[in-house]
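Enquirer: Structure, please.
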Amino acid sequence: MSRNRILILSIFILSLSLRFILSLLNYEANDPHVEVVEWIINHHSLPDKDDCWECFQPKLYYIINAGIIQMLGIDNRMDRILCMQMFNFVLSFFILFYLWKFIARQHFSEKIKIAAFALLAFNPCLTGINVQATNDTPEILAGILTIYFADRFFNEKKLRMGFLLCASVIIACLVKGSGLILIVSLAIIFSINLIASHIEERKLYIKILAILVISFIAIIPVGSGCIHNYHKYGTPFVLVLPKDPPPLFFKHTYAGRPGITSVVDGYFTFRYFDMIREPFIVSTIDNYQLHRTSLWSQLYGRTMFMHFDQHPNSWKSMDPKLLSAGRWLIALGIVPLILLIAGMVKTIRHFFKEKITINQNWIHLVFAAGFLLFMIKYSYSYRDFSIMKSIFIFPALPSFIKFFMEGFSMLKSKLISNTALFIICLIILLSIYDIYFLITQLWF
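Expert: Below you'll find the model as predicted:
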C-alpha cells in the first residue's frame, strides 16, 4: 500500500473514531429533534408544526429513526438519543467516503487532495453536527450525494448518474426543506446546459430532467408535508419562528437577540479581528460581540471553531487553552478561505471564457451561490443570531472544497505552497484538539 493511501486511511480511521467516541458521550443537540421521533412513537401518527419545536420539519429522518427505535424496543429517552446519534455516525462514514470520492476524481496533485480531505474530515463543525441527534447530517449527506452525482452526470453524460442524481435530491427534499435549494440549483444548471449543449446531449438532459420533475411532483408535495401545510396553514412551507421586520440599510434596528441589525453590518462586514479577540458567542440580548451581527463572520467562526457557538449547554467552555486554540483556528483559517475565494474567482473567469459544455466546473458556482443566497435570505427574514449556522451551507461542501483546491493549485511558488500546506496542517492539529477537548468535557 502506498504512503498516500495509508495517510488517507489514517485520516478516515481517526476522524471516524473521534466521531464514534463523541456519539457515545454526547446527549445534547442544537435543537430537540428527539421530540419528533417520540411523538411518532407515542401517537402512531405524524405531528403538526405546533406539536413540538422541530415538528414543522419534513418527516423522513424521524420516521426512519422511530422505526429503528421501535424495532430495538428502546424506551429510555437517553438511549433513544444515543440510537439517533449512532444512526448519524453511520451516515457520517458515507459523508467522508463520498467527499473523498469527489476529491479523488479532481485533477489536482495528491498533496492538495489529501490536504482538502483532512480539512473536511477533521473540521470541528462538521464533526460536531455528525454526533448530534438532528436531521442535519442526513441532509448534508443528501446534498453531497446530489452534487457528487451532478458533477459526474454533467461531465460523463451517463444515464445511471442521472438516476442517482434524481434519487439523491428527492431524498434531500424529504429530509429537510433546504433540499429545495438543490432543486432550484439543478433547474438553473439544466436550463443553461439545454441552451448551450448539442442535440444528442439535450436528449439525455431532457430525459433526466423529465424524471426529476415527475418524481418531484409525485413525491415531494405529499412526502414533505407541503400539501398538508397548505391546507392547514395556507402555505406549503412553515416554521415555528415568526418573520421579523426587514432590517434597514444603514440604521440599526433590533428583532429578538441581535443578529442582523442592518444590511450594511450584516452583509458587508467581516469581523476578522473581533473574532480573534473573542472567539465565542454570548446569547444575551445586550453586551454581545460585534461579530454576532455579521453573517459572514458567523459562518466563518462557526465553521472553524466548534466551541465558537458555546452551545449546547454541556459543550460550553471558556477554558483559556481552548479559547487560545480557537483564536489560532480563526486566525489561520483565513488562508484556506482566501484560497477558496481565489478558486471561485478562477471558476467564474473560466465560465465566461470557455465553452461551458466542455468544462462543467461552473455548476459548483450555482450550488455554492444557491446556499449562500439562501443564508442571506434566511437571516434577512429571521434576524436572530442563532439562524446564522454554517451547517446550513454544508450540503454544498463538495463545491466549496472544489474552489479551495482550485485556489491551492494556483500557488506556483514552492515556498508559498509549502507555507500554505504548513498552515493547513496546523489548522488540522488545532481542529483535532478542539474535538478532543469536547471529548474530555463530556467524559468528565
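
Enquirer: burial measure for M1, as a count.
Expert: Residue neighbour count, defined by other Cβ atoms under 10 Å, stands at 6 for M1. C-beta: built from backbone N, CA, C; applies to glycine.

Enquirer: in the stretch 51-200 of the chain, which spans are strands?
Expert: Here the stretch 51-200 of the chain has no strands by DSSP state E, counting those that start in this stretch.

Enquirer: Next one: L120 from K321, what distance?
Expert: The spacing between L120 and K321, counted by Cβ to Cβ, to the nearest Å, is 25 Å.

Enquirer: So for those two, which sits in the more crowded spot?
Expert: Using other Cβ under 10 Å, the more surrounded residue of L120 and K321 is L120, with 23 against 10.

Enquirer: so who does the more buried one touch?
Expert: 96, 99, 126, 397, 401 (Cβ atoms under 8 Å, 6 or more residues apart in numbering).

Enquirer: Model confidence for the second one, exactly?
Expert: Yep, that's L99 we're talking about. On pLDDT, L99 comes in at 98.

Enquirer: Quick check: the gap between it and P398.
Expert: The gap separating L99 from P398 is 7 Å, by Cβ to Cβ.

Enquirer: And the furthest pair within the contacts of L120?
Expert: Farthest-apart pair in the contacts of L120 is L96 and I401; separation 12.2 Å (Cβ to Cβ).

Enquirer: These two: which is more packed in?
Expert: Neighbour count, other Cβ under 10 Å: between L96 and I401, I401 has more, with 23 against 20.

Enquirer: does the more buried one really touch Y98, like I thought?
Expert: No - I401 is beyond contact range of Y98, at 11.8 Å (criterion: Cβ atoms under 8 Å).

Enquirer: secondary structure class for the residue sitting nearest the centre point of the chain?
Expert: Centroid-nearest residue in the chain: F394, 1.4 Å away (criterion: Cα atoms, centre = their mean). Under DSSP: H, G, I helix; E, B strand; the rest coil, the three-state class of F394 is helix.

Enquirer: Please name the nearest non-neighbouring residue to it.
Expert: I140 (4.7 Å; Cβ to Cβ, 6 or more residues apart in numbering).

Enquirer: Which residues are in contact with the one you found?
Expert: 95, 126, 129, 391, 394-395, 397.

Enquirer: Let me know the closest of those to I69.
Expert: For the contacts of I140, the nearest to I69 is I129 (20.6 Å; Cβ to Cβ).

Enquirer: mind listing what the closest one touches?
Expert: Residues in contact with I129, defined by Cβ under 8 Å, 6+ apart, are 30, 136-137, 140, 391, 394.

Enquirer: Just those residues: which are in helices?
Expert: Mapping the contacts of I129 onto helices (DSSP state H) picks out 136-137, 140.

Enquirer: who's in contact with stretch 74-89?
Expert: Under the contact criterion Cβ under 8 Å, 6+ apart, stretch 74-89 has outside partners 16, 19-20, 23-24, 26-27, 29, 33-34, 37-38, 64-65, 68-69, 72, 130-134, 137-138.

Enquirer: Alpha carbons of stretch 33-52, as PDB, please.
Expert: Extracted in PDB, the C-alpha atoms of stretch 33-52 (Å, rounded to 0.1, in the frame of the first residue of the first chain):
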ATOM      1  CA  HIS A  33     -35.200  16.700  17.300                       C
ATOM      2  CA  VAL A  34     -35.800  13.600  19.500                       C
ATOM      3  CA  GLU A  35     -39.200  15.100  20.400                       C
ATOM      4  CA  VAL A  36     -40.400  14.500  16.900                       C
ATOM      5  CA  VAL A  37     -39.400  10.800  17.000                       C
ATOM      6  CA  GLU A  38     -41.000  10.400  20.400                       C
ATOM      7  CA  TRP A  39     -44.300  11.900  19.100                       C
ATOM      8  CA  ILE A  40     -44.400   9.500  16.200                       C
ATOM      9  CA  ILE A  41     -43.700   6.500  18.600                       C
ATOM     10  CA  ASN A  42     -46.200   7.700  21.200                       C
ATOM     11  CA  HIS A  43     -49.100   8.800  18.900                       C
ATOM     12  CA  HIS A  44     -48.500   6.500  15.900                       C
ATOM     13  CA  SER A  45     -49.000   9.500  13.700                       C
ATOM     14  CA  LEU A  46     -47.100  12.400  12.200                       C
ATOM     15  CA  PRO A  47     -47.100  15.600  14.200                       C
ATOM     16  CA  ASP A  48     -48.100  19.100  13.100                       C
ATOM     17  CA  LYS A  49     -45.800  22.100  13.400                       C
ATOM     18  CA  ASP A  50     -47.400  23.200  16.700                       C
ATOM     19  CA  ASP A  51     -46.900  19.900  18.400                       C
ATOM     20  CA  CYS A  52     -43.200  20.400  19.200                       C
END
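
Enquirer: next one: it to chain centre, how far?
Expert: How far stretch 33-52 lies from its chain's middle: 25 Å, per Cα atoms, centre = their mean, to the nearest Å.

Enquirer: mind listing what's buried in the helix or strand bottoming out on mean pLDDT in the chain?
Expert: Least confident helix or strand of the chain, by mean pLDDT, DSSP states H and E, is helix 226-233 with a mean of 83. Buried residues in helix 226-233, counted by 16 or more other Cβ atoms under 10 Å: 226, 228-229.

Enquirer: Same question for stretch 167-175.
Expert: Of all the residues in stretch 167-175, those buried under the rule 16+ other Cβ under 10 Å are 167-175.

Enquirer: cool, stretch 139-159 as well?
Expert: Going by 16+ other Cβ under 10 Å, stretch 139-159 has these buried residues: 139-154.

Enquirer: pLDDT on it, on average?
Expert: So the average pLDDT for stretch 139-159 ends up being 96.

Enquirer: so where is the protein shaky, pLDDT-wise?
Expert: Scanning the chain for pLDDT under 70 picks out 355, 357-358.

Enquirer: biggest helix in it, by residue count?
Expert: Under DSSP H, the chain gives helix 414-443 as its longest helix.

Enquirer: Give the other helices and strands that that helix contacts.
Expert: Using 3 or more Cβ pairs under 8 Å, 6 or more residues apart in numbering; DSSP states H and E, the elements in contact with helix 414-443 are helix 3-25, helix 110-121, helix 124-130, helix 320-332, helix 334-353.
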